[in-house]
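Asks: How does the following fold in three dimensions:
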Amino acid sequence: MAYIIKGKTAEWEVIVGLEVHCQVLSESKLFSGAPTAFGARANTQVSFVDAGFPGMLPVVNKYCVEQAIKTGLGLKAKINTYSVFARKNYFYADLPQGYQISQYEHPIVGEGEVVLDMDDGEVRKIGIERLHLEQDAGKSIHDVHPTKTYIDLNRSGVALMEIVSKPDLRSPEEVGAYLRKLRSIVRYLGTCDGNMEEGSMRCDVNVSVRKVGEEGFRNRCEMKNVNSVRFAMQAVEFEANRHVEIYENGGDISQETRAFDPATGTTRSLRSKENAHDYRYFPDPDLLPLVLDEGFVKEIKDNLIELPDDKKERFIKEYGLSVYDAGILVSSRRTAEYFEEAAKVGGDAKKVANWVIGDLFAVLNKLAKQISDSPVSAKNLGELVKLICDDTISGRIAKDVFEIMIETGKAPSVIVEEKGLKQVTDTSAIEKIIDDVMTANPDKVEEYRGGKDKLMGWFVGQVMKASAGKANPAMLNEMLKKKL
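Replies: Predicted coordinates for the structure are as follows:
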């Protein structure tokens, strides 16, 4: 749903395009053999190429190229068999060469799309303009010394994929959904870890507004290096409202680069927005055009992993899951794999899905753990569901067993055996408990027979209490009705 801002004179819609920088998962940099591990001591992962030493020539990392192709295929995009590396010229202290090697007119990946399933049921297709490979700059550190800036070149030369969307996003919610979906895709593919807090995925947010029904685009402002989904959504909301307020008061928007301040939820001006000609792009004379063999691209495509959208469709058809449940389970590759492993053991996929999305997610959230670190294994969760399905334990007892599984990591069958929690399915045993309860409460029996049907729940509770929760609920209800 579009994000409409009601002004004094008109209604306005927001237009958003994102440039997402994803750090390629690779052990070495794009044009050198220097390592890329996060958190290393400053300036310990720098080659002569990364430091801009004269005469040092870049050599393309084939694996980074493969990762870019894989990501392009995951975005259902056109893979360009001919692409060119260009020099993007600008000066900054942490850019030792005085230029960034990027791609401009001829990127490695062309147009594609990302499909969003919104909470209101709407399906939105967001166009991808391009994906190009480029090297990262170093890092300027301003808070170590009161009068000096320190430079760390560990990131200099690290391979980035810049994924540029078309200006198709229309609300903060769509921006959030797009970033989460993109992160899910690159994590599935293993081409980027998507850790925004570590800077391995960050985005530039381009925002403009126009009157509802108006054609074309007005001037946009770009918020640089936003490093969380929540912040990106906040930046869109604040900036869109800022634009509307200026237009409504007779002003105009200058195209500029701005910074988003997470502490205040506001943006501030940095500089006027650069255009492509400001960077004086030209083909890098040290790097030949990148020409890909069709067979090379086909081999990568043939070995591509099942992606979230395809997996979701399969979960719906194969396991009979709802669109909502399937969408949640496939949002993370590890969650999807956990569910499938548990479903194979448990038999009832819908029950397994309910346990994963409900009870397991609640526990993981409480313990601040990822599903890969779950205290309950997929096999054990599947076994728990199987014990419910074959009437070994009731759903209520299963909750107690699950709690013990979290604490001990034991298999549910072991816990059930140790604690004597097997469900009572012996009709004579259940009948005796019912008789005892009815004998002890003749007044309640008369009230029920006199028309107080709601007392059935009370009787069920008493029998369950007397059986320590182990009476088979279906049997209990059927026998109790006959007895009463």
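Asks: Could you use CA atoms for every contact and neighbour count after this?
Replies: Noted.
Asks: for His21, phi and psi?
Replies: Phi and psi for His21, reported as degrees, to the nearest 10, are phi -100, psi 110.
Asks: burial count for it?
Replies: Neighbourhood size, His21 [other CA atoms under 10 Å]: 27.
Asks: now the closest residue to it other than its chain neighbours, which residues is it bridged with?
Replies: Closest residue to His21 apart from its sequence neighbours, by CA to CA, 6 or more residues apart in numbering: Glu162 at 4.5 Å. Glu162 has these beta-bridge partners by DSSP bridges: His21, His132.
Asks: and Leu73, how far is that from Pro107?
Replies: Distance, Leu73 to Pro107, by CA to CA, to the nearest Å: 14 Å.
Asks: next one: Gly55
Replies: 26 Å.
Asks: Residues touching stretch 198-217, excluding its own?
Replies: Under the criterion CA atoms under 8 Å, 6 or more residues apart in numbering, residues 10-23, 38, 192-196, 218-228, 232, 235-236, 239-240, 243-244 lie in contact with stretch 198-217.
Asks: And for stretch 339-348?
Replies: Stretch 339-348 is contacted by residues 329, 349, 352-353, 356, 378-386, 389 when judged by CA under 8 Å, 6+ apart.
Asks: List the buried residues of the helix ranked longest in the chain.
Replies: As assigned by DSSP state H, the longest helix anywhere in the chain is helix 229-248. Residues of helix 229-248 classed as buried by neighbour count (16 or more other CA atoms under 10 Å): 229, 231-237, 239-245, 247.
Asks: That helix packs against which elements?
Replies: Contacts defined by 3 or more CA pairs under 8 Å, 6 or more residues apart in numbering; DSSP states H and E place helix 229-248 against strand 11-23, helix 172-189, strand 201-211, strand 266-272.
Asks: Within the sheet, what are the partner strands of the helix or strand that comes right after it, with directions?
Replies: Per DSSP states H and E, the first helix or strand lying C-terminal to helix 229-248 is strand 256-261. With DSSP bridges as the test, strand 256-261 is paired with strand 221-226 (parallel), strand 266-272 (antiparallel).
Asks: and the shortest one, what's its mean pLDDT?
Replies: It stands for strand 221-226. Average pLDDT, strand 221-226: 94.
Asks: okay, the strands paired with strand 256-261, which one's buried deepest?
Replies: When these are scored by mean count of other CA atoms under 10 Å, the highest mean neighbour count falls to strand 221-226 (a mean of 23).
Asks: CA-only coordinates of that strand in PDB, if you can.
Replies: Only the C-alpha atoms of strand 221-226 are listed here, as PDB (Å, rounded to 0.1, in the frame of the first residue of the first chain):
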ATOM      1  CA  CYS A 221      17.700  13.400  -1.800                       C
ATOM      2  CA  GLU A 222      20.000  10.500  -0.900                       C
ATOM      3  CA  MET A 223      20.700   9.300   2.600                       C
ATOM      4  CA  LYS A 224      24.100   7.600   2.600                       C
ATOM      5  CA  ASN A 225      25.200   4.300   4.400                       C
ATOM      6  CA  VAL A 226      22.100   3.500   6.300                       C
END
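Asks: hmm, back to that, and Leu73 and Pro107? Which one has more around it.
Replies: Pro107 (22 against 19).
Asks: Tell me if I'm right that the more buried one and Leu131 touch.
Replies: Yes. Applying CA atoms under 8 Å as the test, Pro107 and Leu131 come out as touching, 6.5 Å apart.
Asks: Identify the residues contacting stretch 306-315?
Replies: With contact meaning CA under 8 Å, 6+ apart, stretch 306-315 is reached by 74, 184-185, 188-189, 321, 323, 326-327, 330-331, 333.
Asks: let me redo that: stretch 57-70
Replies: Applying CA under 8 Å, 6+ apart, the set of residues contacting stretch 57-70 from outside is 24-26, 28-32, 49, 79, 108-109, 131-133, 159, 161, 189, 191, 286-287, 297, 300-301, 304.
Asks: So for that stretch, what gets flagged as buried?
Replies: Applying 16+ other CA under 10 Å to stretch 57-70 flags 58, 60-61, 63-65, 67-70 as buried.
Asks: And stretch 309-329, by the same measure?
Replies: 309, 311-313, 315-316, 319, 321, 325-327, 329.
Asks: Quick one: end-to-end distance for that stretch.
Replies: 11 Å.
Asks: And that stretch, how far out from the chain middle?
Replies: Relative to the centre of its chain, stretch 309-329 is centred 16 Å away, using CA atoms, centre = their mean, to the nearest Å.
Asks: same check, this time on stretch 70-84
Replies: Distance of stretch 70-84 from its chain centroid, counting by CA atoms, centre = their mean, is 22 Å.
Asks: Show the end-to-end separation of that stretch, please.
Replies: Start-to-end, stretch 70-84 (CA to CA) is 18 Å.
Asks: for the closest residue to Ile4 other than its chain neighbours, what are its contacts?
Replies: Closest residue to Ile4 apart from its sequence neighbours, by CA to CA, 6+ apart: Glu13 at 4.9 Å. By CA under 8 Å, 6+ apart, Glu13 lies in contact with 2-5, 170, 209-212.
Asks: For beta bridges, what are the partners of Glu13?
Replies: Ile4, Arg210.
Asks: Just confirm Val16 contacts Asp168, I think it does.
Replies: Yes. Contact criterion CA under 8 Å: Val16 and Asp168 qualify, at 6.5 Å.
Asks: For those two, indicate the residue with more neighbours.
Replies: Neighbour totals were compared for Val16 and Asp168, and Val16 leads with 25 against 18 (other CA under 10 Å).
Asks: How about the contacts made by that one?
Replies: Listed by CA under 8 Å, 6+ apart, the contact partners of Val16 are 167-171, 175, 205-208, 236.
Asks: how about 7 Å then?
Replies: 167-170, 206-208 (CA atoms under 7 Å, 6 or more residues apart in numbering).
Asks: could those residues go into TSV alongside pLDDT?
Replies: Putting the contacts of Val16 into TSV (pLDDT from 0 to 100) gives the following:
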residue	pLDDT
Pro167	97
Asp168	96
Leu169	97
Arg170	96
Asn206	97
Val207	97
Ser208	96
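Asks: ok, of these, which one's closest to Lys452?
Replies: Lys452 has its nearest neighbour among those in Arg170, at 56.3 Å by CA to CA.
Asks: what's the burial count for the closest one?
Replies: That count, for Arg170 with other CA under 10 Å as the rule, works out to 20.
Asks: Go ahead and confirm it touches Ile4.
Replies: No. Counting by CA atoms under 7 Å, Arg170 sits too far from Ile4 to count as a contact (8.9 Å).
Asks: Can you pull out the low-pLDDT segments for the stretch 301-450 of the chain?
Replies: 421-432, 435, 445, 448 (pLDDT under 70).
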